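Chemist: coords please:
(4 chains)
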Protein chains: 2
Amino acid sequence: MASEPSAIAEQKAEAVDAKPLRADARRNRDRLVEVAVSVFAERGIDGSLEEIARRAGVGIGTLYRHFPTREHLVEVVYRREVEALCAAAGELAQKHPSDVALEQWMQRFVDYIATKRGLATSLRIVLTTNSTLFSDTFGRVSQALRRLVEAAVADGTIRGDVDASDVLHALGGIYSAPDTPEWRDRSRRLVKLLMDGLRFGAAKAQ
Amino acid sequence: MASEPSAIAEQKAEAVDAKPLRADARRNRDRLVEVAVSVFAERGIDGSLEEIARRAGVGIGTLYRHFPTREHLVEVVYRREVEALCAAAGELAQKHPSDVALEQWMQRFVDYIATKRGLATSLRIVLTTNSTLFSDTFGRVSQALRRLVEAAVADGTIRGDVDASDVLHALGGIYSAPDTPEWRDRSRRLVKLLMDGLRFGAAKAQ
DNA sequence: CACTAAAACGGAGGCGCCTCCGTTTATTAC
DNA sequence: GTAATAAACGGAGGCGCCTCCGTTTTAGTG
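Modeler: Below is the predicted model of the structure:
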């Protein structure tokens, strides 16, 4: 019922300082996170920690040394996924015209949320218990979106009278829609709709 | 991640209909709730269900038949406690002048919340997952308070220019105060303060 | 009473959680 | 290289969760 070193601890580990972990430790830790990603994806956030340890080829004790609680592990996995989502923004921006990059990224965002929907209850607990985590990811995601929007506005592929927070607001609406079976498809359509609106009256009309 | 028969089921069981349970079943069920109250009180909301079964002198299977999940049991215990709190209002009203009854009941309310504070996180999960439970208890508590306040206003032991919702509002403030070690004592003082205010300028001044 | 069907009991067993501590391994100093 | 030691490993063991099903009890019925 106490202790929240998580956010800070992870921050440090991801970065450069603290104690630079012994080679085998680093290896096992990475392995565990890797495996955890897939086990959580397959079985949900309640997937067995022993299975994760088993698949990673380490003892359960090793898992617990690295991640004292399930939440610690969940948090690291979650951060990594958000990281990947945001990194995708940069890549898309290089490979595509900026309006297309924006659209594809938003679609990817929808897919990402879709995988999390089922876990909502359990994940929400982690997110509300650890408010740093929430604001961190919100910040990162917003920033990724902002870059894409600003680039598209700058080169005239979307209209100039909107800004990132407008788009964020629209995405927020998608996110908070009720969790029906059609959620994903409907959200994809909504993103398209949104994009049509954004392209309408752009300087560089097609 | 679904199924919420709880509230309704319990309502029925508490009342008269459905299936009138076999004698032994009724006995064991009551026993279990009784024991659960003390185990939860001693060990917190995560107390062992097997211990509850053991102390109640029944097999673990019996416990699970009556309460398919921990939440079901928690809910029943919680409702029973709220019930007791509200019932106390009536008793106090008979034994004391109505302003004193009001004061004592509010103190008892503080005590009740105090025991729940530690469990806040886990309990909040149950309460937010099951919104019926929340609104039910809120309604009951408000009603108990309303009766006390109205009686005291009516016989002039507290001032006439306030109503139950004012007092409820004040109690709400107490409830949402941060959970420090002094919470309980401070809240008790606040109730006294509130009472002084309520008595000031009452028709029947002392 | 005796009988029977339905209801309820209870605990063994399988699994996951988590801790603890004896064993192994990487690193550092020589 | 070797020795020393701090760091990391890993799994046995104890406990709790929950299900499943053979056994027991109750409540009717004649």
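Chemist: C-alpha from now on. contacts and neighbour counts both.
Modeler: Noted.
Chemist: where does chain A have low pLDDT?
Modeler: Under the criterion pLDDT under 70, the flagged ranges of chain A are A:1-17, A:120-121, A:205-206.
Chemist: who in it is up against DNA strand D?
Modeler: A:21-22, A:24-29, A:57-62, A:65-66 (CA under 7 Å from any atom of the strand).
Chemist: so which of these comes closest to residue A:200?
Modeler: Nearest to residue A:200 out of the residues of chain A next to DNA strand D is residue A:29 (CA to CA; 48.6 Å).
Chemist: Excluding chain neighbours, what is closest to the closest one?
Modeler: residue A:66 (6.7 Å; CA to CA, 6 or more residues apart in numbering or on different chains).
Chemist: And the residues of chain A next to DNA strand D, which is closest to residue A:144?
Modeler: Closest to residue A:144, out of all of these and judged by CA to CA, is residue A:29, at 27.8 Å.
Chemist: starting at the chain centroid, how far to the strand or helix carrying that closest one?
Modeler: Assigned by DSSP states H and E, residue A:29 belongs to helix A:23-43. Mean-position distance between helix A:23-43 and its chain equals 17 Å (CA atoms, centre = their mean, to the nearest Å).
Chemist: any idea which residue sits dead centre in chain A?
Modeler: residue A:82 (2.3 Å; CA atoms, centre = their mean).
Chemist: Quick check: that residue touching residue A:139?
Modeler: No. Between residue A:82 and residue A:139 there is no contact under CA atoms under 8 Å: 10.7 Å.
Chemist: residues near the nearest residue to the residue nearest to the centre of chain A once chain neighbours are set aside, how many?
Modeler: Excluding its sequence neighbours, the residue lying closest to residue A:82 (CA to CA, 6+ apart) is residue A:137, at 6.8 Å. Neighbourhood size, residue A:137 [other CA atoms under 10 Å in any protein chain shown]: 16.
Chemist: again, but for residue A:104
Modeler: 19.
Chemist: repeat for residue A:173
Modeler: 11.
Chemist: before we move on, the earlier item: list the buried residues in the helix or strand where the residue nearest to the centre of chain A lies.
Modeler: Residue A:82 is part of helix A:70-95, with elements assigned from DSSP H and E. Under the neighbour-count criterion of 16 or more other CA atoms under 10 Å in any protein chain shown, helix A:70-95 has A:70-79, A:82, A:85-86, A:88-89, A:92-93 buried.
Chemist: Check stretch A:151-170 too.
Modeler: A:151, A:152, A:153, A:155, A:156, A:157, A:158, A:159, A:160, A:164, A:167, A:168.
Chemist: okay but the first one is in contact with residue A:97, surely?
Modeler: No. If you go by CA under 8 Å, residue A:151 and residue A:97 don't touch, sitting 9.6 Å apart.
Chemist: Give me the neighbour count for residue A:199.
Modeler: Around residue A:199 there are 21 residues (other CA under 10 Å).
Chemist: any idea what sits nearest it, other than its immediate chain neighbours?
Modeler: Nearest to residue A:199 is residue A:158, by CA to CA, 6+ apart, at 4.4 Å.
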